[in-house]
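Engineer: what follows is a predicted protein model with its sequence.
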Amino acid sequence: MDKRALISVLTLRLDEASKARDWDAVASTDRELAATLRGWSRAELSPGERQGLQTLRAAHERAASLCDEELQRVSGVLRQMLTQRDRWHAYAESAHWADLPGGLA
């Protein structure tokens, strides 16, 4: 596959994976992208390939932004769970009260 086609494929995969919030696919594509770019010299790229890389960079920035949004969302959920930990424990314990001899059933 020529460089321009590979850039297009990576751009599409990165966009689709990030929009689907498929973080494993985003990470996999990102690793493939890094390995691919290590082998390329910017001086050897055609103007069309450089333009493709600009598009790929924009897709990478969009993916990073979505990853950051997801990180913030998950962090909020974890903070909420931490602050409500005592309530969760009490609820979990109360679920077994009916099983106790002379329980509340």
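Structural biologist: Nice, I can see it. This one's a predicted model, so the numbers in the text were calculated from it and none came from an experiment.

Engineer: so where's the chain uncertain?
Structural biologist: Filtered on pLDDT under 70, the chain yields the residue ranges 97-105.

Engineer: run through the helices of it in chain order.
Structural biologist: 3-19, 23-38, 47-83, 85-94 (DSSP state H).

Engineer: most packed of those?
Structural biologist: helix 3-19 (a mean of 18; mean count of other Cβ atoms under 10 Å). Heads up, the C-betas are built off the backbone N, CA and C, glycines and all.

Engineer: how about residues contacting that helix?
Structural biologist: Identification of contacts with helix 3-19 by Cβ atoms under 8 Å, 6 or more residues apart in numbering yields 1, 23, 25-26, 29-30, 32-33, 36, 40, 45-46, 48-49, 52-53, 55-56, 59-60, 62-63, 66-67.

Engineer: try it again with 6 Å
Structural biologist: Contact with helix 3-19 is made by 25-26, 29, 33, 48-49, 52, 55-56, 59, 63, 66, as judged by Cβ atoms under 6 Å, 6 or more residues apart in numbering.

Engineer: again, but for stretch 54-61
Structural biologist: If you take Cβ under 6 Å, 6+ apart as the criterion, stretch 54-61 is touched by 7, 11, 14-15.

Engineer: save the contacts of helix 3-19 as TSV, and put in distance to residue 86 too.
Structural biologist: Formatted as TSV, the contacts of helix 3-19 follow (distance: Cβ to Cβ, whole Å):
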residue	distance to residue 86
25	38
26	36
29	41
33	45
48	60
49	58
52	54
55	50
56	48
59	44
63	38
66	34
